[in-house]
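> Give me the fold of what follows.
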Amino acid sequence: MSKSKMSKISFDNTEIAFKAKSTSDLQKSYWLFKLVSNNVLVKLGPALLKIAFLLRLPIKSIIKNTIFEQFCGGESIKDCEERIQSLAKYNIQTILDYSVEGESSKENFDLTANEIIKTIKRAKGDENIPFAVFKTSGLARIELLEKVSSNISLNENEKREFELLKDRVKVICQKAYDLDVRIFIDAEESWIQNAIDDLATSMMRKFNSEKAIVYNTLQMYRWDRIAFLKQSYADAENGNYYLGLKIVRGAYMEKERELAEERGYSSPIQKDKISCDKDYDLALAYCISHIDKIALCAGTHNEESSLKLIDLMRENNILKDDKRVYFSQLLGMSDHISFNLANGGYNVVKYMPYGPVKLVMPYLIRRAQENTSISGQTGRELNLIIKEKTRRTI
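Numbering: from 1, shown residues only. Below you'll find the model as predicted:
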């Protein structure tokens, strides 16, 4: 494969980063991130929102026009269309992510499975939507996944319940395979991840014989994921299938540490950020060195890791638009990375969560908490917005 000419990427270029935002949109984002930077407000937020909904206060419109508008595409796939097309103008693609969490009934699990299939159908043949995605916890009870992950014996009802879960996952992945839409199975908390990994592996064995259709997700804030990555590759080699992987740092760090301390077991989380960053970049290097068998999506809001992947692609003569390598960020975050990478010709995709406002609140609360817990995340977003506001007034 010939080496493409790779332009120098600068994540400090706010003109490119925010060219899709009007000045009023930029101002709205500024005030939102100022609010999110308030740790006390973020901690009290979930309780206050619960009270507001119980009292039937007119809170929905406020949420919809602020944090929901920043981080979500809409309440339905149809609502997302404008954002999909807006991103496409700047060569940024979309993953429709039905982000309803915390359901517990068979009826709701079936509804979620049907909605995921709708996202796959919407993605069919559309180069602006190269992937679909789902969370396994949206298709089954957390308690069931935890028992399966811990190898605890299931009773007869639970066995039937688990079979229903496997059926839902298989139907979703079969639809993705039939319509040629790649699909991510998101990573979740460590105490349910073994069951998810096993399901993802079984789906890759079934559907990835010709190319990567099904992708598993590795959270590199866990100290055991490099070993798991290498074992996953060995399994793919032995099983003669392609390995699809999304590599992320992780989204449940505080919860993981709290539960490990509460239950008295060794924390699965890296000892410090340096160790996490090191393993993340090692995972990128490993995937690129085995690119003939691994399809990679680097889900990262980290500038250094993004530049690292660019260097790895250059060193291994991988074209910028090679469909085996994608960069990914969440809607409403790190536009300085997404837009500058896309402007430089790389494959970039934004996660676009959607769903009824009240039902996606757990997702939105986690986004707010993530912004306050990740060192420098909110400050970086604010500083870049301020820089662009200043540039526009000069």
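> Give me the residues contacting the longest helix seen in the chain.
The longest helix of the chain (DSSP state H) is helix 156-179. With CB atoms under 8 Å, 6 or more residues apart in numbering as the test, helix 156-179 has contacts from 106, 109-110, 113, 116-117, 120-121, 123-124, 132, 134, 136, 139-141, 144, 147-148, 154, 181-183, 185, 199, 203, 206-207, 213-214. Bear in mind the C-beta positions are built from the backbone N, C-alpha and C, glycine included.
> can you check stretch 107-125 too?
For stretch 107-125, the external contacting residues (CB under 8 Å, 6+ apart) are 77, 96-98, 100, 103, 129-134, 138-140, 164-165, 168, 171-172, 175-176, 179-181, 183.
> Return the members of the residues you listed classed as buried.
77, 96-98, 100, 103, 129-134, 138-140, 164-165, 168, 172, 175-176, 179, 181, 183 (16 or more other CB atoms under 10 Å).
> Keep only those of these that are in strands.
L96, D97, Y98, F131, A132, V133, F134, I183 (DSSP state E).
> mind putting those residues in JSON lines, distance to Y30 and pLDDT included?
Output for these, formatted as JSON lines (distance: CB to CB, whole Å; pLDDT from 0 to 100):
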{"residue": "L96", "distance to Y30": "27", "pLDDT": "98"}
{"residue": "D97", "distance to Y30": "25", "pLDDT": "97"}
{"residue": "Y98", "distance to Y30": "29", "pLDDT": "97"}
{"residue": "F131", "distance to Y30": "31", "pLDDT": "98"}
{"residue": "A132", "distance to Y30": "33", "pLDDT": "98"}
{"residue": "V133", "distance to Y30": "29", "pLDDT": "98"}
{"residue": "F134", "distance to Y30": "33", "pLDDT": "97"}
{"residue": "I183", "distance to Y30": "35", "pLDDT": "98"}
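> Just give me the closest of those residues to A285.
F131 (22.8 Å; CB to CB).
> Tell me where the model's unsure across the chain.
The model of the chain has pLDDT under 70 over residues 1-7, 38-58, 366-377.
> all helices of the stretch 151-300 of the chain, in order?
156-179, 190-207, 225-239, 253-263, 273-289 (DSSP state H, counting those that start in this stretch).
> Show me which residues of the second one are buried.
The one in question is helix 190-207. Across helix 190-207, burial judged by 16+ other CB under 10 Å covers 190-193, 195-197, 199-201, 203-204, 207.
> And the shortest one, by the same measure?
Of the residues in helix 253-263, those buried under the neighbour-count criterion (16+ other CB under 10 Å) are M253, E256, L259, A260.
> OK, contacts around Y98?
Residues near Y98 by CB under 8 Å, 6+ apart: T112, E115, I116, T119, F134, G138, P353, Y354, G355.
> try 7 Å this time
T112, E115, I116, T119, Y354, G355 (CB atoms under 7 Å, 6 or more residues apart in numbering).
> all strands for this structure, in order.
Ranges of strands within the chain are 93-98, 131-134, 182-185, 214-219, 243-248, 294-299, 325-330, 348-354, based on DSSP E.
> Of these, which is nearest T390?
strand 325-330 (23.6 Å).
> Quick one: residues in contact with that closest one.
Here strand 325-330 has contacts from 71, 296-299, 301, 306, 313, 318, 337-338, 341, 346-351, using CB under 7 Å, 6+ apart.
> Hmm, Q70 is touching M333, no?
No: the pair Q70 / M333 is not scored as a contact, 8.6 Å apart, by CB atoms under 7 Å.
> neighbour count winner among the two?
M333 (22 against 18; other CB atoms under 10 Å).
> So that one versus M361, what's the distance?
Computed as CB to CB, to the nearest Å, the M333 to M361 distance reads 18 Å.
> now I385
The value you get for I385 to M361, if CB to CB is used, is 24 Å.
> contacts for stretch 198-218?
Under the criterion CB under 7 Å, 6+ apart, residues 136, 166, 169, 173, 176-177, 182-187, 197, 225, 228-229, 235, 239-248, 283, 295, 297 lie in contact with stretch 198-218.
> Let me fix that, I meant to ask about stretch 336-343.
Applying CB under 7 Å, 6+ apart, the set of residues contacting stretch 336-343 is 9-11, 13-14, 16-17, 19, 90-92, 301, 303, 306, 327, 329, 348, 350, 384.
> thinking again about what came up before, between the helices of the stretch 151-300 of the chain, which one is closest to D322.
Here helix 273-289 is closest among those (CB to CB), at 10.4 Å.
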